[in-house]
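Asker: Quick check, what structure comes out for this input:
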Amino acid sequence: MHFRRIARLLGILMMTLAGCMSTSLIWTLIYDTMASTWAFIYSSGITAGFGLLLWLYGRKEQGTIYRADAIFLVAVSWLLLGVFGGLPYMFDGAFTNPADAYFETISGFTTTGSTVMVQIADHSHGLHWWRTLTHWLGGMGIIVLFVAIFPQLGVGGKFLFKSEVPGPITEGLKPKIKQTAAALWWIYVGFTVVEAIILLGLGMSIHDALTHSFATMATGGFSTKNGSVGEFDSAAIDYVITLFMILAGINFGLYYELIRGNKKRFLRDPELHVYLGVIAVVTLIITWNIVGIDARHETVSDSFRYAIFQVVGVITTTGFGTDDFDVWPPLSQLLLVFLMFAGGMAGSTAGGMKLIRFMVIGKAIYAEIYKVFRPMSIQALRIGKSVIPQETISGILGFFALGIATFVFSALYMTYLGLDIVSACTAVTATLFNIGPGLAAVGPTQSFAFIPTSGKVVLSFCMILGRLEFMTIFVLLLPDFWRR
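Answerer: The predicted structure is shown next:
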């Protein structure tokens, strides 16, 4: 392990984080008190100072980092992002418990959107900016941005990139990882700017338009309002955010193919067909299921508006809310729980297990059933025209096994802390798959503030595991990893 090389890169990452954090000063100077301004001065100063110390320690080590170095760098980066990214919450007085600040920060960077804030609108503009900026940086991955701007990573750059772009992606956009990361970030920035301009035109303030665009494209779900997007009470805003949530849940690699003029690659993608099909079918079922349940759902058009927003918000794991789906009929609630596990497409900013994994597992099950009466047959497992290699299938099975095991142990611990079964299970599901709201005590109109400190620590760890898709963290537990 090349610790000095890792320290140098971590130092640059921390100084980059401090620079991003300092952008909140623009809003505190315009709207907030000097106390909030000093909170961000202290926070960015401490973060930059720590980063400088790390950089000075490793400045003479500028060689290539390798796979083990990259794994360790990713894991430590996420732990440090939670610690230093939580400083503004503490200095600005949002929280007094460091576990709350860590939970909120990790929820931001992992684009989970679960919150321990109760009165969200009471906090400063600068803190709201930082809160949603953590979403935006974590959406495409702050380490992917790091790969895009820092050239000398060697083989470690590829692993950093793969660790930050979730899902079993089998094809790259460009031969060079740096170019690929840069291409993804430019597409991401472009969508964010377009959405912000549209929301500004629909009557949002520039602060609200930007923060909600950050949260939408990152599929995060943090809002500046207590009632989330529903507080704007605008069908136009609901539909615009719904559209951009759908776009954020699509593999960004397909957008690059579209820009290059390869429309067939975009339009014929099997996972895209499943993604859009699931949204359409579940939306229609829930629309039918919630019509007439109360005054807000008297008409089909109103029911459709709320149904499609929540369906897209859940399958993309954004977590924005315009309606309390905790009071919807059981059928609608169960469908949303299934969507929580499913998630969006691989290579998107969405969380969840990713639809492509379910497609591969479905094909694998079909192949095993087929072999029952034709045991000598050999079938290549294909998704569209692409053959899925055995190592990808094994990786997916390992992902499911680790996901189920983590879910079981975490849910058991949450029930030990006193949560009811529904709240415990959906709290773990919501954090482990970076969804945001759960059901019952952690429903869309509730917060995670009531959970004991140890429970918040466990759920924070679940968010990191889900964001890095288990393997990057669990490999650190292997003794062989630490041997030379």
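Asker: CA atoms for contacts and neighbours, from now on please.
Answerer: OK.
Asker: in the helix or strand hosting Asn289, what counts as buried?
Answerer: Element membership for Asn289 (DSSP states H and E) is helix 270-290. Under the neighbour-count criterion of 16 or more other C-alpha atoms under 10 Å, helix 270-290 has 271-272, 274-275, 278-279, 282-283, 286-287, 289-290 buried.
Asker: Quick one: name whatever helix or strand follows the lengthiest helix in the chain.
Answerer: Longest helix in the chain, counting residues (DSSP state H): helix 390-416. Under the assignment DSSP H and E, the closest C-terminal helix or strand after helix 390-416 is helix 421-432.
Asker: Where does pLDDT dip in the stretch 351-484 of the chain?
Answerer: 484 (pLDDT under 70).
Asker: rerun that using 90 as the cut-off
Answerer: Residue ranges of the stretch 351-484 of the chain with pLDDT under 90: 351-354, 356-357, 360-400, 433-440, 443-447, 466-484.
Asker: Spatially nearest residue to His2 (excluding sequence neighbours)?
Answerer: Spatially, and ignoring its direct neighbours in sequence, His2 is nearest to Asp69 (6.6 Å; C-alpha to C-alpha, 6 or more residues apart in numbering).
Asker: which strands and helices sit next to whichever helix or strand that neighbour is part of?
Answerer: Assigned by DSSP H and E, Asp69 belongs to helix 67-85. Secondary-structure packing of helix 67-85 (3 or more C-alpha pairs under 8 Å, 6 or more residues apart in numbering; DSSP states H and E): helix 3-22, helix 98-109, helix 155-164, helix 471-474.
Asker: could the ones you listed be laid out in JSON lines, adding mean neighbour count and distance to Glu61?
Answerer: Shown next, in JSON lines, are these (neighbours: other C-alpha atoms under 10 Å; distance: least, C-alpha to C-alpha, whole Å):
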{"stretch": "helix 3-22", "mean neighbour count": "22", "distance to Glu61": "5"}
{"stretch": "helix 98-109", "mean neighbour count": "27", "distance to Glu61": "29"}
{"stretch": "helix 155-164", "mean neighbour count": "21", "distance to Glu61": "15"}
{"stretch": "helix 471-474", "mean neighbour count": "16", "distance to Glu61": "24"}
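Asker: Please tell me how far the residue nearest the centre of the chain sits from Phe266.
Answerer: Taking C-alpha atoms, centre = their mean, the centroid of the chain lies closest to Thr111, which sits 3.3 Å from it. Thr111 sits 26 Å away from Phe266, going by C-alpha to C-alpha, to the nearest Å.
Asker: same thing with Trp185?
Answerer: Applying C-alpha to C-alpha to Trp185 and Phe266 gives a distance of 19 Å.
Asker: Would you map the helices across the stretch 201-350 of the chain?
Answerer: 206-217, 235-248, 252-259, 263-267, 270-290, 300-315, 330-342 (DSSP state H, counting those that start in this stretch).
Asker: Quickly find the element holding Val194.
Answerer: Going by DSSP H and E, Val194 is in helix 177-201.
Asker: and the angle from that helix to helix 235-248?
Answerer: Orientation note: helix 177-201 sits at an angle of 170 degrees relative to helix 235-248 (axes from the mean of the first three to the mean of the last three C-alpha atoms, to 10 degrees).
Asker: Show the subsequent helix or strand relative to the helix holding Asp69.
Answerer: helix 87-91.
Asker: Which elements pack onto that following helix?
Answerer: Counting by 3+ C-alpha pairs under 8 Å, 6+ apart, helix 87-91 packs on helix 34-58, helix 98-109.
Asker: That helix - what's its average pLDDT?
Answerer: Average pLDDT, helix 87-91: 97.
Asker: Now do that helix: everything it contacts.
Answerer: 36, 39-40, 42-43, 95-98, 101, 127 (C-alpha atoms under 8 Å, 6 or more residues apart in numbering).
Asker: Show the contacting residues for the residue nearest to His2.
Answerer: Per C-alpha under 8 Å, 6+ apart, neighbours of Asp69: 1-3, 6, 156.
Asker: from the residues you listed, which two are the most distant?
Answerer: Phe3 and Gly156 (13.7 Å; C-alpha to C-alpha).
Asker: tell me which residues in the strand or helix carrying Glu368 are buried?
Answerer: Taking DSSP H and E as the criterion, the element that holds Glu368 is helix 355-373. For helix 355-373, a neighbour-count test (16+ other C-alpha under 10 Å) marks 355-357, 359-361, 363-364, 367 as buried.
Asker: Taking helix 98-109 as reference, get the angle to the helix holding Asp69.
Answerer: Using the same axes, to 10 degrees: helix 67-85 against helix 98-109 is 120 degrees.
Asker: Pull helix 67-85 out as CSV, backbone CA atoms only.
Answerer: Output in CSV follows, covering the C-alpha atoms of helix 67-85 (Å, rounded to 0.1, in the frame of the first residue of the first chain):
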residue,chain,number,x,y,z
ARG,A,67,-5.9,-1.4,-7.5
ALA,A,68,-5.5,-1.9,-3.8
ASP,A,69,-4.5,1.8,-3.4
ALA,A,70,-7.6,2.8,-5.3
ILE,A,71,-9.9,0.7,-3.2
PHE,A,72,-8.5,2.1,0.0
LEU,A,73,-8.6,5.6,-1.4
VAL,A,74,-12.3,5.3,-2.2
ALA,A,75,-13.3,3.9,1.2
VAL,A,76,-11.3,6.4,3.2
SER,A,77,-12.6,9.3,0.9
TRP,A,78,-16.2,8.5,1.8
LEU,A,79,-15.5,8.3,5.5
LEU,A,80,-13.7,11.7,5.4
LEU,A,81,-16.4,13.3,3.2
GLY,A,82,-18.9,12.5,6.0
VAL,A,83,-16.7,13.9,8.8
PHE,A,84,-15.6,17.2,7.1
GLY,A,85,-18.7,17.7,5.1
